[in-house]
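J.: Predicted coordinates and the sequence they were generated for:
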Amino acid sequence: MAEPRQQVVAVDLAKRDLTLDLARVFCVLLVVLIHLLMVGIGADTSGQLVASRPLEAQPWFALATWAGQIMPLFFVVGGFASITAWRSAVRRGSTPADYVRSRVLRLAQPALPLYAFFLVGIGAATLAGIDPALVDLAASGAGTPLWFLAAYTLCQAVVPWMAGWHARAPRSTLGVLLAGVIAVDAARFATGVAEVGLLNLFFVWVLVQQLGFWFADGWLDRRHPLTLLAIAVLAYASLAPLTTLGPYSPDMLFNLNPATLPLVVLAVAQACILRLLRPALARLMETSGARAVVFLVGSRLMTIYLWHLPVILLVSGLALLIPGAAPEPGSTAWWWSRIPYFLVVLISVYGLSFIVGRWETPREVGRTPPGLVVALAVACAFTPSFLVLQFLMDLPLAAIGTVLLSAAILLLGRWPSRAAVQRPRGT
């Protein structure tokens, strides 16, 4: 029995595109680095504690985000992986509920210990009488990356249906989603109601995921490299009128939440660049060193993403206790200190992954629950991070998240087998 299973695993690994794993790892590590450069906690020349955002204070920061805002690429790669996994699931006879249940569990499970950590940490700090403003600042900052869970849960929940529309009318599907993005942005800027833009949590990120479907279908593979380069250049060039003549900020981080049209433009450019780099990345992934790094980081990718900001804040706080380890934010010494800080943060998060990382591993579950139950679980998994996106992390949201994510995991977990349900009583 074990031999066939080993053969299946070998086949799966042989078919896996390791360049996409490398792209995912690169995206997450870049996010960690950017956040490390944005968190400035140290002492000024007078010895007073200073908290600032040195990276954002740089005059070149907005333009740098045109390259540094890498989350569209993450969703493109996620779309590639999602439609590949969905098609594989269909060949095995899986249903949409089976697929959604599996993907949502992979997001809800690693998120639960983080929400529990916020619940305990914020609660303990409140009971200890720590300055509420300081607690709010730390909690809201550490919870910033959770918007991703809301967006990605939403995208994963609609993969089976979006894959179907993609198969029937790929161009029309892109057109409808793009029209939705533009309509939401237009309504938001016309009314001045920023909350209208929250609808683009669906339109923008599902559209970007859809680009990953086209990537998986080989559309980019069939384009000449010069064509891909031209598309990327035109996409980046279009950002200039969008951010000068149009209503959008030149800062792509500002365009992140609510999500806006420039992120779609970035996704097109980044997808083309990834395809251009794919041969070089494939050669890199033939080396044992690159494979080792991608395996070590990739096996704990969600844990690293979710926990890196709390760890950055913790490391920055501990550094205040070490003479000379917390230079004035923005100083030359502070910028050089980011190198060892980056290594310390990565090592710390990876060490933490041995405690919380087991939640990232898929668990044995029973049969898939009814579709309505799966839909309820999706709502439970989506709601906490959506609320954090809108109101920032605090004690009530930490409690809500802990409860709702626990409910989602329980709803999607073990269900009695059909045989057990159908077995007559007394047997």
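T.: Happy to help now that I have it.

J.: Return the residues in contact with the most centrally placed residue in the chain.
T.: Per CA atoms, centre = their mean, the C-alpha nearest to the average position across the chain is that of F148, at 4.3 Å. Each residue near F148 by CB atoms under 8 Å, 6 or more residues apart in numbering is listed here: 71, 305, 385. (Each C-beta comes from the backbone N, C-alpha and C, glycine too.)

J.: wait, isn't the first one in contact with C27?
T.: Yes. The pair M71 and C27 passes the contact test of CB atoms under 8 Å, sitting 7.2 Å apart.

J.: Please name every helix or strand in contact with the longest helix seen in the chain.
T.: Assignment by DSSP state H gives helix 96-127 as the longest helix of the chain. The contact analysis (3 or more CB pairs under 8 Å, 6 or more residues apart in numbering; DSSP states H and E) places helix 96-127 against helix 71-91, helix 132-142, helix 147-157, helix 159-168, helix 301-319, helix 332-356, helix 371-391, helix 395-412.

J.: Name the residues of it that come out as buried.
T.: 96-119, 121-122, 125 (16 or more other CB atoms under 10 Å).

J.: now stretch 323-337
T.: 326-330, 334, 337.

J.: how close does the residue nearest to the centre of the chain sit to D221?
T.: Applying CB to CB, to the nearest Å, the value for F148 to D221 is 28 Å.

J.: Surely L301 is in contact with V28?
T.: Yes. Taking CB under 8 Å as the definition, L301 is a contact partner of V28 at 5.6 Å.

J.: What's the local residue count around A398?
T.: 24 (other CB atoms under 10 Å).

J.: Kindly report the same for the one 10 residues further on.
T.: Each residue near A408 was counted by other CB under 10 Å, and the total is 28.

J.: residue contacts, it?
T.: Per CB under 8 Å, 6+ apart, neighbours of A408: 104, 108, 377-378, 380-381.

J.: 10 Å instead, please
T.: By CB atoms under 10 Å, 6 or more residues apart in numbering, the contact list for A408 reads 104-105, 107-109, 111-112, 153, 374, 376-384.

J.: do F295 as well
T.: 18, 21, 25.

J.: I'd like the distance between the first one and V315.
T.: Spelled out, that is L18. Taking CB to CB, one finds L18 at 31 Å from V315.

J.: Low-confidence regions, this structure specifically.
T.: Where the chain drops to pLDDT under 70, the residues are 1-15, 362-364, 416-427.

J.: now with 80?
T.: 1-16, 43-48, 50, 357, 360-366, 414-427 (pLDDT under 80).

J.: L321: how many residues sit nearby?
T.: 8.

J.: Quick one: classify it as helix, strand or coil.
T.: The local conformation at L321, judged by DSSP: H, G, I helix; E, B strand; the rest coil, is coil.

J.: Need phi/psi at it.
T.: phi -90, psi -10 (degrees, to the nearest 10).

J.: likewise G42?
T.: According to degrees, to the nearest 10, G42 has phi -170, psi -170.

J.: same check, this time on G93
T.: According to degrees, to the nearest 10, G93 has phi 90, psi 10.

J.: how much space between it and Y99?
T.: Computed with CB to CB, the distance linking G93 and Y99 is 12 Å.

J.: Can you get me a residue count around W147?
T.: 20.

J.: Pretty sure S385 is one of the things it touches, is it not?
T.: Yes. Using CB atoms under 10 Å, W147 makes contact with S385 at a distance of 6.5 Å.

J.: Would you map the helices across the stretch 201-350 of the chain?
T.: Per DSSP state H, counting those that start in this stretch, the stretch 201-350 of the chain carries helices over the ranges 225-244, 261-284, 288-298, 301-319, 332-356.

J.: From the chain's centroid, how far away is the fourth one?
T.: Going by CA atoms, centre = their mean, to the nearest Å, the spacing between the C-alpha centre of helix 301-319 and its chain's C-alpha centre is 16 Å.

J.: What are the buried residues along that helix?
T.: For helix 301-319, using 16+ other CB under 10 Å, the buried residues are 301-316, 319.

J.: same question, the longest one
T.: Burial within helix 332-356, assessed by neighbour count using 16+ other CB under 10 Å, is assigned to 334, 337-338, 341-342, 344-346, 348-350, 352-353, 356.

J.: before we move on, what about stretch 51-62?
T.: Buried residues in stretch 51-62 (16+ other CB under 10 Å): 52, 54-55, 61-62.

J.: what's in contact with it?
T.: By CB under 10 Å, 6+ apart, stretch 51-62 touches 33-42, 44, 64-65, 68, 134, 137-138, 141, 243, 249-254, 316, 328-331, 334-335, 338.

J.: Stretch 322-336 too?
T.: So stretch 322-336 is contacted by 37, 39-46, 48-55, 57-58, 315-320, 337, 340-341 (CB under 10 Å, 6+ apart).

J.: do the same with stretch 213-225
T.: 17, 20, 76-77, 79-84, 86-87, 159, 162-163, 165-167, 170-171, 173-174, 211, 227-231, 271-272, 274-276, 278-279.

J.: rerun that using 8 Å as the cut-off
T.: The contact list for stretch 213-225, computed with CB under 8 Å, 6+ apart, reads 76, 79-80, 82-84, 162-163, 166, 170, 174, 228, 231, 271-272, 275-276.

J.: Same list, the buried residues of helix 332-356, but as a markdown table with distance to L411 please.
T.: What follows is the buried residues of helix 332-356, written out as a markdown table (distance: CB to CB, whole Å):
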| residue | distance to L411 |
| --- | --- |
| W334 | 46 |
| S337 | 45 |
| R338 | 42 |
| Y341 | 40 |
| F342 | 39 |
| V344 | 39 |
| V345 | 34 |
| L346 | 34 |
| S348 | 33 |
| V349 | 29 |
| Y350 | 31 |
| L352 | 27 |
| S353 | 26 |
| V356 | 22 |
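
J.: Could you measure from the closest residue to I34 other than its chain neighbours over to A169?
T.: Of all residues not flanking I34 in the chain, G68 sits nearest, at 5.9 Å (CB to CB, 6 or more residues apart in numbering). According to CB to CB, G68 stands 35 Å off from A169.

J.: If you count surrounding residues, which of the two has more?
T.: Neighbour totals were compared for G68 and A169, and G68 leads with 16 against 12 (other CB under 10 Å).

J.: Quickly note the distance from that one to R283.
T.: 25 Å.

J.: Equivalent analysis for T65, please.
T.: Distance from T65 to R283, by CB to CB: 30 Å.

J.: Neighbour count: those two, which is higher?
T.: Using other CB under 10 Å as the criterion, T65 and R283 rank with T65 on top: 23 against 11.

J.: just checking, that one touches M252?
T.: Yes. Under the criterion of CB under 8 Å, T65 makes contact with M252 at 3.9 Å.

J.: Alright, I will stop here.
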